[in-house]
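S.K.: Predicted model, plus sequence, below.
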Protein chains: 2
Amino acid sequence: MHSPSASPESQRPFLTWQRILDWAQEHYRVRSFSKDERIPARPGLLYLVQRGAVRLVGTAQVSATSQLSSRRINRTPEEAFLGFVGAGQPFEIVAQSPFTLQAYAHVEPTLVVWMYWHDLDNWPHFRREVLDAFRYQHQRKLLWLSALGQRRTIDRLLGFLTLLVEEYGQPATSEEDPEILRGYSLPFTLTHAQIGSAIGSTRVTVTRLMGKLRQRGLLIAQEDNLICLPADSINRAS
Amino acid sequence: MHSPSASPESQRPFLTWQRILDWAQEHYRVRSFSKDERIPARPGLLYLVQRGAVRLVGTAQVSATSQLSSRRINRTPEEAFLGFVGAGQPFEIVAQSPFTLQAYAHVEPTLVVWMYWHDLDNWPHFRREVLDAFRYQHQRKLLWLSALGQRRTIDRLLGFLTLLVEEYGQPATSEEDPEILRGYSLPFTLTHAQIGSAIGSTRVTVTRLMGKLRQRGLLIAQEDNLICLPADSINRAS
């Protein structure tokens, strides 16, 4: 868990993490989800990812075009990928208008602990860490909005991928020489449709632009299809 | 200040707000800014908007195209509008990679109080309110990302405007009959270029699409040029 004001010792576990997990186990407050299963998150509750990763998604409730009755029938609501919540990180879903937020398990298994905010009354230090984690997530989302404000889709795409890899990337070494760091790669798969839904584009365009980024050496092709960026393009905190 | 888990009594002032302001005055921790003046915000410090409004802006440090040397000369970095921080709300600027975040006074005068996080040690309840305000801002940014994930620029535009008016809008009454609520309008001006910078589009496109939204009755034309949406399209918490 991160603290925005503290030193960049990222992925630091909660100090009282083990105690929380024991408590959750004891009170049946932990549940396992399979890949792409929806996590029924309710406002007023706090969720912690114990293991795996959660994918946040937003769905539009209104659109300028759906209000024209002739087109209404053909429209399915667009789902936007809003980011990951990794192990050790908290999430909550409160705001719902004019978009609906939802959480899905992104990998299998994903273990999620849930609690009421007042459950944290006994752990003031832990509550502080949770709130600091939300501060950190908020700052990351401001960067993400900066990426999406760019006019060219390829710039939005590169900014988006850079932010994701900066936060979640793991060292990827050369296949010939494991001593050589090729770059950092995302540990989760992400489809081109999901990437498109995050940057206001389509699957087809994302596929085409990712090809361009590879040609320019801004993206590294990997056999496992995981997204990998060159080491020198990533500002690693740790 | 909002609390995401609390009841929707929005714009609730800090409970200890007056004490903080007195303290800030006494310790020379308050400064006035004129319109569009940059607020020199540093990581590790906490800022509170006492009066006026702050505009957050992000600037890209990298782009897919600027790395082609032939084009590098002609590029000025794109600034993206990331939202307002209204009176009574806190802000901070921590994360900086691969985008730079900056704060500007959006109206004149804007008064900003600053403090170190440890200054809040004496006001634990107030610190809790500040952290809850960041939770709330984080949730709003997730909705904002949902808006920007939509493929059609007009949908991104309408989603973006709806979110802003939902949060900051003030009742706008009919000119003929002040008893009739026409809609809710944004109390700040926002240029079409600024709107374009938020939704990944251009000034020209925004102007054209705002005309379309007006034709469809999704946007109300006002003499003062402030952005106004019909009352029935806004989900007001209060």
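M.R.: Arrived safely, thanks for sending.
S.K.: And chain A, what are its domain boundaries?
M.R.: A:1-148, A:150-238 (automatic domain parsing).
S.K.: next SSE after the helix or strand bottoming out on mean pLDDT in chain A?
M.R.: In chain A, no helix or strand scores lower on mean pLDDT, DSSP states H and E than helix A:69-72, which sits at a mean of 44. Where DSSP states H and E defines the elements, the next helix or strand beyond helix A:69-72 is strand A:79-86.
S.K.: which outside residues touch the next helix or strand after that next one?
M.R.: Toward the C-terminus, strand A:79-86 is succeeded by strand A:90-91 as the next helix or strand (DSSP H and E). By C-beta atoms under 8 Å, 6 or more residues apart in numbering or on different chains, the surrounding residues in contact with strand A:90-91 are A:1, A:41, A:46-49, A:54, A:56, A:85, A:103, A:130, A:133-134. Using the backbone N, CA and C atoms, a C-beta is placed for each residue, glycine as well.
S.K.: Please report which of the residues you listed has the highest neighbour count.
M.R.: In terms of neighbours by other C-beta atoms under 10 Å in any protein chain shown, those top out with A:Leu48 at 27 neighbours.
S.K.: residue ranges of the strands in chain A, please?
M.R.: Secondary structure of chain A, counting by DSSP state E: strands at A:30-33, A:38-39, A:45-51, A:53-60, A:79-86, A:90-91, A:99-105, A:110-116, A:170-173, A:181-185, A:228-230.
S.K.: re earlier: just put the domains of chain A in TSV and tack on distance to B:Gly211.
M.R.: Converted to TSV, the domains of chain A look like this (distance: least, C-beta to C-beta, whole Å):
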stretch	distance to B:Gly211
domain A:1-148	12
domain A:150-238	20
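S.K.: of those domains, which approaches B:His138 most closely?
M.R.: Checking the domains of chain A against B:His138 by C-beta to C-beta gives domain A:1-148 as the closest, at 3.8 Å.
S.K.: Nearest the middle, which residue of chain A would you pick?
M.R.: Centrality entry for chain A: nearest residue to the mean C-alpha point is A:Phe84, 1.5 Å, by C-alpha atoms, centre = their mean.
S.K.: which residue sits closest to that residue, ignoring its sequence neighbours?
M.R.: Setting aside the residues directly before and after it, A:Phe84 is nearest to A:Ala53 in space (C-beta to C-beta, 6 or more residues apart in numbering or on different chains), at 5.2 Å.
S.K.: re earlier: between the domains of chain A, which gets the lowest average pLDDT?
M.R.: In terms of average pLDDT, domain A:1-148 trails the rest of the domains of chain A, at a mean of 85.
S.K.: what distance separates it from the middle of the whole chain?
M.R.: Chain-centre distance of domain A:1-148: 9 Å, with C-alpha atoms, centre = their mean, to the nearest Å.
S.K.: and the two most separated of the contacts of strand A:90-91?
M.R.: Spatial extent of those (C-beta to C-beta) is set by the pair A:Met1 and A:Ala41 at 18.7 Å.
S.K.: Could you tell me which residues make contact with the residue nearest to A:Phe84?
M.R.: A:Phe84, A:Val85, A:Gly86, A:Ala87, A:Ala105, A:His106, A:Val107, A:Thr110, A:Phe188.
S.K.: Out of these, which comes closest to chain B?
M.R.: Set against chain B, the nearest of the contacts of A:Ala53 by C-beta to the nearest C-beta is A:Val85 (11.1 Å).
S.K.: and the closest residue to A:Gln96 other than its chain neighbours, what are its phi and psi?
M.R.: The shortest distance from A:Gln96 to any non-neighbouring residue, by C-beta to C-beta, 6+ apart, is to A:Pro43 (7.6 Å). Note on A:Pro43: its backbone torsions stand at phi -60, psi 150 [degrees, to the nearest 10].
S.K.: doesn't A:Val49 make contact with the residue nearest to the centre of chain A?
M.R.: No: between A:Phe84 and A:Val49 there is no contact under C-beta atoms under 8 Å: 9.1 Å.
S.K.: Thought A:Val85 was touching A:Tyr168, still the case?
M.R.: No: counting by C-beta under 8 Å, A:Tyr168 does not reach A:Val85; the two are 10.5 Å apart.
S.K.: pull the longest helix from chain A.
M.R.: Taking DSSP state H as the criterion, chain A has its longest helix at helix A:124-148.
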